[in-house]
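Sequence plus predicted model, see below.
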Amino acid sequence: GDSVTQMEGPVTLSEEAFLTINCTYTATGYPSLFWYVQYPGEGLQLLLKATKADDKGSNKGFEATYRKETTSFHLEKGSVQVSDSAVYFCALNRDDKIIFGKGTRLHILP
Amino acid sequence: DAGITQSPRHKVTETGTPVTLRCHQTENHRYMYWYRQDPGHGLRLIHYSYGVKDTDKGEVSDGYSVSRSKTEDFLLTLESATSSQTSVYFCAITPERGATDTQYFGPGTRLTVL
């Protein structure tokens, strides 16, 4: 069945470092792809999404490109801030349901 | 903000007792979902609903039941709580049906079963 695999954390970076969180997926057809973020004590919120191959989603300095040839949707940010510390979930949409990866915890040190 | 509230926000209960969690939305959205979040597992779908009295099972539905008698409320019931059901429970809604849809999440309920 469809699935999402993302790099295990925690990931610890210094402020202003470059961030990459890897995500690959297995799916039939061409699902929409998402990154959600969960700040401490809160529910998940959508960070960005892409709906077809080669689309780039972006928000708050984060970017991810839908790569059909490598079945990937890696999350990147050029310069992270302490406020980016959170758990990040890669996900895909299938038949009115969303399938989530296990999440990657990100710690940013000042 | 999709106007989603969950109650209670925290609950401690004992093994074998029934527990009902409530998800309430103010936007009249048709699709609602219940997830549980556990370390190492991410979010797993328990049950979902396509409308009033129209529900279906997710991947981890054993031990849980749901009801939706009104569009705005989606109830999750643990008939006889077990320690393995200690988790954080999230409700979510999807405004419209389609392959590009985004889900919006409530703030979560932390349930501890002793």
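Ah, there it is.

for residue 103, what are its contacts?
No chain specified, so I'll use chain A. A:6, A:9, A:38, A:87-89, B:42 (CB atoms under 8 Å, 6 or more residues apart in numbering or on different chains). Every residue, glycine included, has its C-beta placed from N, CA and C.

my bad, chain B
Taking CB under 8 Å, 6+ apart as the test, what B:Gln103 contacts is A:44, A:46, A:98, B:33, B:92-94.

Please name the spatially closest residue to it (chain neighbours excluded).
Sequence neighbours aside, B:Ala92 is the residue nearest to B:Gln103 in space, at 4.4 Å (criterion: CB to CB, 6 or more residues apart in numbering or on different chains).

burial measure for that neighbour, as a count.
26 (other CB atoms under 10 Å in any protein chain shown).

Equivalent analysis for A:Asp55, please.
The burial count for A:Asp55: 15, using other CB under 10 Å.

I'd like to know how far it sits from chain B.
A:Asp55 sits 10 Å away from chain B, going by CB to the nearest CB, to the nearest Å.

Double-check that residue against A:Lys68; I have them as touching.
No - in terms of CB atoms under 8 Å, A:Asp55 does not count as a neighbour of A:Lys68; the distance is 10.1 Å.

Chain neighbours aside, what residue packs nearest to B:Arg68?
B:Ser49 (4.7 Å).

so that neighbour touches B:Tyr31, yeah?
Yes - if you go by CB under 8 Å, B:Ser49 and B:Tyr31 touch, sitting 7.0 Å apart.
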